[in-house]
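# sequence isn't available, so here's the structure alone:
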C-alpha cells in the first residue's frame, strides 16, 4: 500500500476444504490446516495419516463435546492411495490443503484438475 494504490487481503469462504495430514506432527499439522479454513467459514473434510488417525479422531471428539455444528468437520480414515485420491477427485471438495511429498502433491494436483 502507498499513496497511489491500496493492497489488502480479503478472506472469503471457498466451500469444502479437503485436508490431507501427514504422520509427523499430526496435531500441529491438523490445526494449521483446519484453523484458517474454519475461520473464514469453510467446511472441512479431514484425512489424517493412516499411521496417526487417533489424533484427528480425538480432536473431533472435543469438537463434539463443545457442541460444534455437525458436518462442519468430517474425518475420513484410510490409505492415501484410496481415500486421498477419492478426496482429490471429488467434485464436492473445492480445494485441497496438503502437506507431504512432491510426488504425492503432483498426483493430488493432477487428480483435482482432471476432476474439476
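Yes, it's here. What you see is a predicted model; the values in this text were computed from it and never measured.

# which parts of this protein are helices?
26-39, 53-65, 85-89, 102-115 (DSSP state H).

# need the winner for burial among the ones you listed.
The highest mean neighbour count among the helices of the chain, using mean count of other CB atoms under 10 Å, belongs to helix 85-89: a mean of 19. (C-beta placed from N, C-alpha, C; glycine too.)

# just give me how far that helix sits from the chain centre.
Computed by CA atoms, centre = their mean, to the nearest Å, the chain-centroid distance of helix 85-89 equals 12 Å.

# how about stretch 45-54?
The answer for stretch 45-54 is 11 Å, by CA atoms, centre = their mean.

# now stretch 81-101
That offset, for stretch 81-101, works out to 8 Å (CA atoms, centre = their mean).

# tell me, what residue is most central in the chain?
Centrality entry for the chain: nearest residue to the mean C-alpha point is residue 19, 2.0 Å, by CA atoms, centre = their mean.

# pLDDT below threshold where in the protein?
For the chain, applying pLDDT under 70 flags the ranges 1.

# repeat that for 90
1-3, 6-12, 80-81, 114-116 (pLDDT under 90).

# relative to residue 42, how far out is the closest residue to residue 112 other than its chain neighbours?
Of all residues not flanking residue 112 in the chain, residue 88 sits nearest, at 5.1 Å (CB to CB, 6 or more residues apart in numbering). Distance, residue 88 to residue 42, by CB to CB, to the nearest Å: 17 Å.
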